[in-house]
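>>> quick check, what structure comes out for this input:
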Amino acid sequence: MLLPAFLAMRIGCAIVLIGRFTLAMLPSVRAEDGIVTSGLFGAVRGSTPVAAIVVLENDGIEYEHWAHALYPFMDIPALVLAIVLANTHLKRKDGSGEKVRVWPIVKESLQGTALSALLLGITLGLIT
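As a prediction, the model looks like this:
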């Protein structure tokens with residue numbers, strides 16, 4: 001499960017980076033809004049894996065039953081990366097040379113339901 005979890009993290013972050021250099025560059029979209037929106041696209045919600053599993057089952061396609069447990073691995077890194085990129089953009093835009101501190105963002109992200117979802121995903125993956 002480590003390799004799929006690692007790939008899920010990379011895919012979530014890649015979606016954010018693609019959005020940063022496409023959606024955020026559109027003339028009618030503010031860059032910070034484009035970055036945060038791409039973070040939402042990279043952060044797959046719980047309904048997406050459920051919908052995918054229903055489609056797979058209806059089509060008779062075999063899948064690993066722990067695959068839905070990967071969503072927190074995609075969700076948390078995508079959201080944290082989007083927040084860091086948006087904050088970095090806003091600091092540069094304001095002209096303040098301050099660095100964006102990543103650890104407080106990560107710490108705050110892990111204190112809420114995100115950590116519970118991650119631990120639940122790991123537990124479900126180990127059980128199945």
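
>>> the residue nearest the centre of the chain and Ile15, how far apart?
Nearest residue to the geometric centre of the chain (C-alpha atoms, centre = their mean): Ala78, 2.6 Å. As defined by C-beta to C-beta, to the nearest Å, Ala78 lies at a distance of 6 Å from Ile15. Where C-beta positions appear, they are placed from N, C-alpha and C, glycine not excepted.

>>> which neighbours do the two have in common?
Common neighbours of Ala78 and Ile15 (criterion: C-beta atoms under 8 Å, 6 or more residues apart in numbering): Gly42.

>>> what are the buried residues along the helix or strand where the residue nearest to the centre of the chain lies?
Secondary-structure assignment from DSSP states H and E places Ala78 in helix 71-94. Judged by neighbour count using 16 or more other C-beta atoms under 10 Å, the buried positions of helix 71-94 are 71-89.

>>> the next helix or strand after it - contacts with which helices or strands?
Where DSSP H and E defines the elements, the next helix or strand beyond helix 71-94 is helix 102-111. On a contact count with 3 or more C-beta pairs under 8 Å, 6 or more residues apart in numbering; DSSP states H and E, helix 102-111 meets helix 71-94.

>>> identify the residues contacting the helix it packs on?
With C-beta under 8 Å, 6+ apart, helix 71-94 has contacts from 5-6, 8-9, 11-13, 15-17, 20, 24, 31-32, 35-36, 38-40, 42-46, 48-49, 97-100, 102, 105-106, 109-110, 114, 117-118, 120-121.

>>> one more: stretch 2-18?
For stretch 2-18, the surrounding residues in contact (C-beta under 8 Å, 6+ apart) are 35, 38-39, 41-44, 67, 70-71, 73-75, 77-78, 81-82, 85.

>>> how about a cut-off of 10 Å?
35-44, 64, 66-67, 69-86, 118, 121-122, 125 (C-beta atoms under 10 Å, 6 or more residues apart in numbering).

>>> for stretch 49-61, same thing?
With contact meaning C-beta under 10 Å, 6+ apart, stretch 49-61 is reached by Val44, Arg45, Glu62, Tyr63, His65, Ala67, His68, Ala69, Leu70, Tyr71, Met74.
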